[in-house]
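Q: here are the coordinates; sequence isn't available:
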């Protein structure tokens, strides 16, 4: 792992190199273009001023075989333009009268030399000055108008893309007389030398900048790495569980802010760790309580003559406030109940457990009304004033095929009449357990006449009060409709599943607000 100092040094050095490189690239390009323009302007002006004189010198000296005098004048011409590499004197017919490349020390003697390059020959025969470019290898003719304006044309004097002074020339052809031109070959060595010198100076400046950058990086990194080292050590101490440790950083910058945040984090971790331990303990206790409450529910439903029974409970939280149970009395009778304690959670779960134990204790009582009176008396004494439980207690007498019940303020049961294919509600009545000490005068034992094929649905208020959103609720009309639709299913189990599925489909993804519990009874014989 690279240290922060190393990273800062590398970053600053890279930044300096990039900045110097980018600046140098732009500066060299601009300077190269400027020098190229200067060379073009000087060559152009020089050609216009000297072409006629060079041809006159040729007529005066070289044509008369006086090479020494001609060569003297030509050297003076080269000295005036430092960027002039070579020079040719060519007649319009294409005959080469003079070539500085081959005639440095003596005059050419021999058969007539002709221009072999077709492009150059075409330029020579034109009456306009012309340029051959280096990069694009194109020919641009410079035609001067009567107003003194110079146009860029081709050999047929048709307009072409203008020659940019930034471009480099191979040579410039300048008419010198009525039958000859002078070809000026251009050298860009001075430009290359200048560019090389600029590159050398830029590299030297870059190395100097890198040196300064490294020094600054080391000095600056030290002020950062020292407090960061303290923070790193502090993190190691926190990792071992010592949340009381605090880091002292006296710098007045972002590192100090980071240290303050670190110390605040340590303080928060100390608090949150204690809260997490407490939360885990509560979660374990809730998990155990939920397991105990689940154990209270019947693991299987007794088989009874003439009656098919099914039940189900879906709690809203880990611990619910609903409960149901089945207690078989002898071979033919079945005691069953469905209760709903106010709210849900731990307090409701405790009341459910107490009520379940009391009902088991009084299950031998023949009169189910007296059973609830006894359960209520103890529940009232053992629970808080704001905790009560609605409940419906039912007893199936298998031999007589009778179903009796007592409602303690619970929801009305839904009775599906198979012959008429309609649903009715059982009479409401009673008062919730735990509200007042003596409820004997408020409870009433009643009978439900169930014919073969009839269905009775006992449910908690979590079903009709199931919410689809903040405004829409399942309601009793939907529950009665569902009972009517599904009661012809062959078993109580199938009816139960269909009813629960209908409620959950209505609820969708909205949060379940209360426990959902129901018992389904179907008369079979």
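A: Received it, and whenever you're ready, just let me know what you need. Treat the numbers as computed from the prediction; the structure is a model and nothing was measured.
Q: most distant residue from the middle of this protein?
A: residue 64 (88.0 Å; CA atoms, centre = their mean).
Q: for it, phi and psi?
A: As for residue 64, its main-chain torsions (degrees, to the nearest 10) stand at phi -100, psi 10.
Q: per-residue confidence at it?
A: Looking at residue 64, its pLDDT reads 89.
Q: which residues in the stretch 151-300 of the chain form helices?
A: Along the stretch 151-300 of the chain, the stretches classed as helices by DSSP state H, counting those that start in this stretch are 189-239, 254-296.
Q: likewise for the chain?
A: Assigned by DSSP state H, the chain shows helices spanning 4-60, 67-80, 118-125, 189-239, 254-296, 346-361, 368-382, 475-486, 492-507.
Q: OK, contacts around residue 474?
A: 463-468, 503, 506-507 (CB atoms under 8 Å, 6 or more residues apart in numbering). Where you see a C-beta, it was placed from the backbone N, CA and C, and this is true even at glycine.
Q: which among these count as buried?
A: Neighbour-count burial (16 or more other CB atoms under 10 Å) is assigned, among these, to 463-464, 466-467, 503, 506-507.
Q: export the residues you listed as CSV, with columns for distance to residue 493 and pLDDT.
A: Formatted as CSV, those follow (distance: CB to CB, whole Å; pLDDT from 0 to 100):
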residue, distance to residue 493, pLDDT
463, 17, 95
464, 22, 95
466, 21, 95
467, 27, 94
503, 16, 95
506, 21, 95
507, 21, 94
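Q: about what we covered before: and the helices of the chain, which one's lowest on average pLDDT?
A: The bottom spot among the helices of the chain, by mean pLDDT, belongs to helix 254-296, with a mean of 69.
Q: tell me how many other residues surround residue 74.
A: Other residues near residue 74 come to 22 when the count uses other CB atoms under 10 Å.
Q: make residue 1 into 47 and carry on from there
A: Will do, 47 is the new start, and the previous item becomes residue 120.
Q: distance of it from residue 220?
A: 15 Å (CB to CB, to the nearest Å).
Q: next one: residue 278
A: Plainly put, residue 278 is 76 Å away from residue 220 if you go by CB to CB.
Q: among these two, which residue is more densely surrounded?
A: Higher neighbour count among residue 278 and residue 220: residue 220, with 23 against 11, using other CB under 10 Å.
Q: how about that one, nearest residue that isn't a chain neighbour?
A: Distances taken as CB to CB, 6 or more residues apart in numbering place residue 93 nearest to residue 220, at 3.8 Å, with adjacent residues excluded.
Q: so what's the one you found up against?
A: 175, 218, 220, 228, 230.
Q: and of the residues you listed, the nearest to residue 208?
A: residue 175 (14.3 Å; CB to CB).
Q: ok, that closest one touching residue 218?
A: Yes. Assessed by CB atoms under 8 Å, residue 175 is found in contact with residue 218 at 6.8 Å.
Q: in stretch 403-415, which residues are buried?
A: Buried residues in stretch 403-415, defined by neighbour count with 16+ other CB under 10 Å: 404-405, 411, 414-415.
Q: show the contacting residues for the closest residue to residue 240 other than its chain neighbours.
A: Once flanking residues are discounted, residue 240 sits nearest to residue 81: 6.1 Å by CB to CB, 6+ apart. Residues in contact with residue 81 (CB under 8 Å, 6+ apart) are 236-237, 240.
Q: can you put those residues in TSV and add neighbour count and distance to residue 262?
A: Converted to TSV, these look like this (neighbours: other CB atoms under 10 Å; distance: CB to CB, whole Å):
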residue	neighbour count	distance to residue 262
236	13	39
237	19	37
240	16	32
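Q: how far away is the residue nearest to residue 119 when sequence neighbours are not counted from residue 137?
A: Nearest non-adjacent residue to residue 119, counting by CB to CB, 6+ apart: residue 103, 4.6 Å away. Residue 103 is 16 Å from residue 137, where distance means CB to CB.
Q: likewise for residue 180?
A: 26 Å.
Q: the more surrounded of these two?
A: Neighbours per residue, other CB under 10 Å: of residue 180 and residue 137, the larger number sits with residue 137, 17 against 13.
Q: tell me, how many residues neighbour the residue nearest to that one when sequence neighbours are not counted?
A: Closest residue in space to residue 137, ignoring its immediate chain neighbours: residue 226 at 5.0 Å, by CB to CB, 6+ apart. Residues contacting residue 226 under the criterion other CB under 10 Å number 22.
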